[in-house]
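A.B. asks: Sequence and predicted structure are below.
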Amino acid sequence: MNSILRYSAAIAAAASFLPSIGAPKPKLPNIIVVFIDDMGYGDLGCYGATGYTTPNLDKMASQGIRFTNFVSAQAVCSASRAGIMTGCYPNRVGISGALNPEAKIGLNPDEETIAEILKQQHYKTAAIGKWHLGHLKEFLPLQQGFDEYLGLPYSNDMWPVNYDGTPITPESKGRKYGYPPLPLIEGNEKIRELKTIDDQSELTTMYTERAVRFINQNKKDPFFLYLAHSMCHVPLAVSAKFKGKSQQGLFGDVIMEIDWSVGEIMKALDQNGLTKNTLIVFTADNGPWLNFGNHAGSAGGLREGKGASFEGGQREPCIMKWPGHIPEGAICNKLASTIDLLPTFATITNSDLPKKKIDGVNILPLMLGDMNANPRETFLYYYRKNSLEGIRKGNWKLVFAHPGRTYHGFEPGKDGFPGATNENFPFEEGLYDLRRDPGEQYDVKAFYPKIVAELKKLADDAREDLGDDLTNNPGKNRREPGRIH
């Protein structure tokens with residue numbers, strides 16, 4: 001299909017959601033995004049997981065579409081979440097890394113989130129679970145377009161105990177933070193503190209029950225539910241109903257409970273007659289934290305994991321279901337990203353895009369089954385504060401020379417304690433054909449100099465726009481995060 005026909009198909013798809021002249025206005029679809037923490041590409045049954053089952057998510061895939069080249073905005077917590085919320089590369093909006101409880105910055109309230117975009121069409125909005133875009137009141141979800149919030153303001157490992165739940169002592173071998181107990185926030189206020197693994201074992205069920213309540217209470221209005229589970233980030237914790245149920249130990253138990261959670265969401269939609277008019281998106285923020293060994297997931301054969309710009313760090317499972325719109329049992333192999341959700345939701349709901357520049361594109365044609373569409377040709381792999389570590393066009397990916405995290409050559413940790421990593425391994429420049437080599441094992445840059453030159457030109461354009469610490473380019477169009485002085 002040529003570019004003109006592709007464009008026409010995209011316009012027709014968007015127009016199908018708008019009322020014709022004189023026709024009654026159609027009911028806007030509910031939108032649910034389930035966002036998992038530290039889930040690898042290989043951690044669901046329909047993506048090859050073994051030792052446990054994920055029947056609800058596998059069923060969702062059979063009733064909708066499964067993406068195989070879906071990448072998160074960046075390979076780490078806060079940055080990834082800034083991307084999904086704003087439709088921007090995280091460095092455009094001034095967010096990098098994983099904000100800790102001492103951070104005085106957060107997502108700038110001037111940035112428009114998915115919730116604020118959908119508010120144009122009077123959506124009811126709820127954020128449940130991990131936020132991690134600023135823990136101070138000025139940056140919490142109620143200040144970013146959400147009507148209600150229940151969850152943790154940052155990662156569940158940012159507390160004053162070791163990963164096995166024991167108090168920190170000078171002899172402890174676990175990672176040490178020295179932060180206060182985890183604050184459970186409702187609205188803008190702390191309602192209790194989580195101090196133990198037992199406390200955390202309540203989280204998945206607590207989040208799920210609140211999500212179901214939100215659906216039940218808003219069944220007459222269009223709603224947007226952002227359910228960001230704290231699991232499967234370490235320390236792992238699971239409720240009694242799933243403890244010991246898998247053949248993969250605690251990690252498998254946790255994934256089974258996440259699958260149960262999705263099942264409860266779908267059950268609530270069925271009971272309220274909302275299934276046909278609800279779009280559900282399931283994906284994750286970054287790849288598995290591999291040095292945690294049996295408490296980490298699987299990158300499904302992809303290279304490296306969380307904290308790396310190789311595919312294992314950013315390629316994620318992504319399943320979408322929307323009966324009557326998304327074809328059943330579809331598989332999409334085209335490139336797409338979490339930053340594409342905001343403009344896609346805006347198209348579906350006929351909402352205006354943010355006033356400031358975004359980087360996402362409308363992937364609705366892919367969702368509707370037009371596999372000739374190609375809305376996203378390129379993707380930028382940024383990491384650290386603002387380092388452009390790689391660029392992809394189609395199936396070609398050029399990785400630039402950079403210091404980065406590698407798990408290779410180190411014994412993984414066990415039972416909640418981390419193994420070592422090299423955080424500054426000197427990766428060399430390499431070109432990879434992801435169609436034939438998704439594991440990025442074979443550098444072919446010597447054989448394709450024209451491809452390398454083309455990708456380097458695209459990278460130079462990106463550096464002018466967004467900057468690049470590796471080449472000391474500040475970039476012209478980066479924006480500041482919110483700051484508390």
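C.D. replies: Sure thing, it's come through.

A.B. asks: and stretch 120-129, average pLDDT?
C.D. replies: Over the span of stretch 120-129, the pLDDT mean works out to 98.

A.B. asks: quick one: low-confidence parts of the stretch 151-300 of the chain?
C.D. replies: Counting by pLDDT under 70, the stretch 151-300 of the chain has low-confidence residues at 161-178.

A.B. asks: what are the ranges of the strands in it?
C.D. replies: Shown for the stretch 151-300 of the chain, the strands assigned by DSSP state E, counting those that start in this stretch span residues 182-186, 189-194, 223-228, 278-284.

A.B. asks: what comes up buried for the shortest one?
C.D. replies: Pointing back at strand 182-186 there. Of all the residues in strand 182-186, those buried under the rule 16 or more other Cβ atoms under 10 Å are 182, 183, 184, 185. No exception for glycine: its C-beta is placed from N, CA and C like everyone else's.

A.B. asks: and the angle for that strand with strand 189-194?
C.D. replies: Between the direction of strand 182-186 and that of strand 189-194, the angle (axes from the mean of the first three to the mean of the last three Cα atoms, to 10 degrees) works out to 140 degrees.

A.B. asks: Which strands and helices lie in contact with strand 182-186?
C.D. replies: For strand 182-186, the helices and strands in contact under the criterion 3 or more Cβ pairs under 8 Å, 6 or more residues apart in numbering; DSSP states H and E are strand 148-151, strand 189-194.

A.B. asks: Would you mind finding the most buried of the ones you listed?
C.D. replies: For the helices and strands packed on strand 182-186, the stretch with the most neighbours on average is strand 148-151, a mean of 22; neighbours defined as mean count of other Cβ atoms under 10 Å.

A.B. asks: roughly how far out does that one sit from the chain middle?
C.D. replies: 18 Å (Cα atoms, centre = their mean, to the nearest Å).

A.B. asks: How are the helices of this structure distributed by residue range?
C.D. replies: The residue ranges that make up the helices of the chain, judged by DSSP state H, are 3-15, 55-62, 77-86, 114-119, 197-200, 203-217, 249-271, 311-314, 341-349, 364-367, 449-466.

A.B. asks: List just the one of the ones you listed that sits closest to residue 224.
C.D. replies: When the helices of the chain are ranked by distance to residue 224, counting by Cβ to Cβ, first place goes to helix 114-119 at 4.9 Å.

A.B. asks: From the contact counts, what lies against that closest one?
C.D. replies: In terms of contacts (3+ Cβ pairs under 8 Å, 6+ apart), helix 114-119 is packed against strand 124-129, strand 223-228, helix 341-349.

A.B. asks: Could you rerun that using 6 Å?
C.D. replies: Here helix 114-119 is seen to pack against no other helix or strand when contacts are counted using 3 or more Cβ pairs under 6 Å, 6 or more residues apart in numbering; DSSP states H and E.

A.B. asks: Measure how far it is from the centre of its chain, please.
C.D. replies: Per Cα atoms, centre = their mean, the displacement of helix 114-119 from the mean C-alpha position of its chain is 18 Å.

A.B. asks: if we look at it, which residues are touching it?
C.D. replies: Contacts with helix 114-119, where a contact means Cβ atoms under 6 Å, 6 or more residues apart in numbering, come from 125, 145, 146, 224, 342, 346, 351.

A.B. asks: My guess is residue 463 contacts residue 473. True?
C.D. replies: Yes. The pair residue 463 and residue 473 passes the contact test of Cβ atoms under 6 Å, sitting 4.4 Å apart.

A.B. asks: More neighbours: which of those two?
C.D. replies: Set side by side, residue 463 and residue 473 show more neighbours around residue 463, with 21 against 17, by other Cβ atoms under 10 Å.

A.B. asks: List the contacts of the more buried one.
C.D. replies: In this structure, residue 463 makes contact with residue 473, judged by Cβ under 6 Å, 6+ apart.

A.B. asks: so what are the domain limits for this protein?
C.D. replies: Residue ranges for the domains of the chain, per automatic domain parsing: 3-17+27-377, 380-483.

A.B. asks: Could you look over those domains and pick the most buried one?
C.D. replies: Stretch with highest mean neighbour count among these: domain 3-17+27-377 (a mean of 21; mean count of other Cβ under 10 Å).

A.B. asks: circling back: of all the strands of the stretch 151-300 of the chain, which one comes closest to residue 53?
C.D. replies: strand 278-284 (15.8 Å).

A.B. asks: The closest one packs against which elements?
C.D. replies: Strand 278-284 sits against strand 30-36, strand 315-321, with contacts defined as 3+ Cβ pairs under 6 Å, 6+ apart.

A.B. asks: who does that strand pair up with?
C.D. replies: strand 30-36 (parallel), strand 315-321 (antiparallel) (DSSP bridges).

A.B. asks: re earlier: redo the strands of the stretch 151-300 of the chain as TSV? Include distance to residue 39.
C.D. replies: Conversion of these to TSV gives the following (distance: least, Cβ to Cβ, whole Å):
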stretch	distance to residue 39
strand 182-186	20
strand 189-194	21
strand 223-228	12
strand 278-284	4
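
A.B. asks: and residue 113, which of these is closest to it?
C.D. replies: strand 223-228 (9.2 Å).

A.B. asks: Tell me the pLDDT of the residue nearest to residue 410 when sequence neighbours are not counted.
C.D. replies: What sits nearest to residue 410 in space, not counting adjacent residues and going by Cβ to Cβ, 6 or more residues apart in numbering, is residue 420, at 4.6 Å. Among the per-residue scores, residue 420 holds a pLDDT of 95.
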